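[1] quick one, structure for this:
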Amino acid sequence: MAINLQKGQRINLTKENGAALTQACVGINWGAIEKKSFFGGTKKEAVDLDGSCILYDTNKNATEVVYFGNLKSRNGSVKHSGDDLTGDVDGDDGLDNEVITVDFNNLEPNVEHVAMVLNSYKGQDFGTIPFASIRIYEGTATQVKEVFAKYDIANDRSFSGHVSMVMGVFYKRNGEWKFNAIGDPTADKKLQETIETVKQKYL
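    As a prediction, the model looks like this:
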């Protein structure tokens, strides 16, 4: 059963059968913006959202960033499905546009935080995007086994006027991985700024 995460909620990455979740996906689904045209019809404006994963060490220093320009970490423990430049043009197809997969067992030993962030590449306001949701699940980029948690960012007015957000942070405590559902918009314009914001505020 999925947990509908609330902002700031922390959860253990334990499956229903009691086993620890060793591998998780973060999927992001969003739609193109519908705009009224000059002649009364509507046209679709492509939306380029970018999901990124930042690995931080025990000293809270960013050691690697997996994003559209670097689709996997050095040892392959974090993988990105690839850059989606448009969003769903014909309405919500229910599929994730970008998926980041994390294999917790194969992360470098010094990694203690795995942050998931979202940036609007063209600076399109989150508040103008018709639907955008995030889900965390066990499985792969092409096969969903069990949705572990999900939350909706399109229907939250606090995102209006923002072009970046911190989705959440996986963190290691006593050898076990947990998840902090942050869901906060930030004032950042670019990914590099968001990497620093996470370090300063969320680790």
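
[2] assign a three-state SS to the residue of the chain most remote from its centre, would you?
    Distance to the chain centre peaks in the chain at Phe39, reaching 37.1 Å (criterion: C-alpha atoms, centre = their mean). Of the three states, Phe39 takes coil under DSSP: H, G, I helix; E, B strand; the rest coil.

[3] if I look at it, how far off is Ile33?
    Distance check for Phe39 against Ile33: by C-beta to C-beta, to the nearest Å, it reads 18 Å. In short, each C-beta sits where N, CA and C put it, glycine included.

[4] and for Tyr171?
    Tyr171 is 34 Å from Ile33, by C-beta to C-beta.

[5] more neighbours: those two, which one.
    Using other C-beta atoms under 10 Å as the criterion, Tyr171 and Ile33 rank with Tyr171 on top: 19 against 16.

[6] I'd assumed Ala181 was in contact with the more buried one.
    No: contact criterion C-beta atoms under 8 Å: Tyr171 and Ala181 do not qualify, at 11.9 Å.

[7] which SS state does Met116 fall under?
    Here Met116 is recorded as strand under three-state DSSP.

[8] which non-adjacent residue is nearest it?
    Met167 (4.1 Å; C-beta to C-beta, 6 or more residues apart in numbering).

[9] is it true that the one you found lies in a strand?
    Yes: under three-state DSSP, Met167 falls within a strand.

[10] what is the burial count for it?
    23.

[11] in contact with it, which residues?
    Applying C-beta atoms under 8 Å, 6 or more residues apart in numbering to Met167 gives the contacts Val26, Ile28, Gly51, Met116, Val117, Leu118, Ile134, Ile182, Gly183.

[12] can you name the next helix or strand after the least confident helix or strand in the chain by mean pLDDT?
    Least confident helix or strand, the chain: strand 3-4 with a mean of 59, by mean pLDDT, DSSP states H and E. Following strand 3-4 in sequence order, the next helix or strand is strand 9-12 (DSSP states H and E).

[13] just checking: what are the partner strands of that following strand?
    strand 176-186 (antiparallel) (DSSP bridges).

[14] now the helix or strand that the strand it pairs with is followed by: buried residues?
    Sequence-wise, the next helix or strand downstream of strand 176-186 (DSSP H and E) is helix 191-201. Under the neighbour-count criterion of 16 or more other C-beta atoms under 10 Å, helix 191-201 has Leu191, Thr194, Ile195, Thr197, Val198, Lys199 buried.

[15] and the fourth one, how far from Gly31?
    Distance check for Thr197 against Gly31: by C-beta to C-beta, it reads 26 Å.

[16] and the residue farthest from the centre of the chain, what's its pLDDT?
    The per-residue pLDDT reported for Phe39 equals 78.

[17] show me the shaky parts of this structure.
    Low-confidence segments of the chain (pLDDT under 70): 1-6, 15-16.

[18] if we can go back for a sec, dump the contacts of Met167 to TSV, plus distance to Lys72 and neighbour count.
    TSV is the format used below for these (distance: C-beta to C-beta, whole Å; neighbours: other C-beta atoms under 10 Å):
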residue	distance to Lys72	neighbour count
Val26	15	24
Ile28	17	23
Gly51	14	26
Met116	15	23
Val117	17	26
Leu118	19	27
Ile134	20	24
Ile182	24	22
Gly183	26	22
